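Q: just need the structure, nothing else, for what follows:
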Amino acid sequence: MSSSGLAAPVSILLAEDSESDIDLLKEVMEESKILNDLHVVTDGVAAMEFLRRRGRYRDAPDVDVVLLDLNMPKKSGIEVLKEVKDDKSLRSIPVVVLTSSKAEEDILKSYQLHANCYVTKPLDVDQFAKIVKAIETFWFSVVKLPPHGR
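A: Predicted coordinates:
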């Protein structure tokens, strides 16, 4: 809560290269009652630049949660996850893997690299919307997120 008594918006970094998934996620979040600032990057290199405030993301805000697709260009989600969790200044940011991969090796590797949860995107649009709402409710209404200034 801010000093005015209103909840501060949750800052979300979505690392996703699928335009349709980005659009659907934006739509679901806009319909929600939860205040959020959604920032989108479409490749793994941009995700790390955003989190580290480098290049064109020099003025990027602190991020409360990362929603991370594994199958991205330039740098995979697994590589991004490893870099985030290996970096003392970033590792406390919760990372939700939100991907189409159901491969056991991806699930295992994500948890070995300390992903906070792993969610497989369903092919059905309505089911995807339900999952996004469930993630949003859990991570932004139920969970106590770490403070900024990690």
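Q: can you give me the strands in this structure?
A: Assigned by DSSP state E, the strands in the chain fall at 10-15, 36-41, 65-68, 95-99, 117-120.
Q: residue nearest the centroid of the protein?
A: residue 67 (1.7 Å; C-alpha atoms, centre = their mean).
Q: I'd say it and residue 10 touch.
A: No - if you go by C-beta atoms under 8 Å, residue 67 and residue 10 don't touch, sitting 11.4 Å apart. All C-beta atoms are positioned from the backbone trio N, CA, C, and that covers glycine.
Q: gap between residue 132 and residue 27?
A: Distance of residue 132 to residue 27, given as C-beta to C-beta, to the nearest Å: 9 Å.
Q: more neighbours, these two?
A: Higher neighbour count among residue 132 and residue 27: residue 132, with 22 against 11, using other C-beta atoms under 10 Å.
Q: my guess is that one meets residue 23, correct?
A: No - between residue 132 and residue 23 there is no contact, the gap being 11.7 Å when judged by C-beta under 8 Å.
Q: list the contacts of the closest residue to residue 28 other than its chain neighbours.
A: Distances taken as C-beta to C-beta, 6 or more residues apart in numbering place residue 132 nearest to residue 28, at 4.4 Å, with adjacent residues excluded. By C-beta atoms under 8 Å, 6 or more residues apart in numbering, residue 132 lies in contact with 24-25, 28-29.
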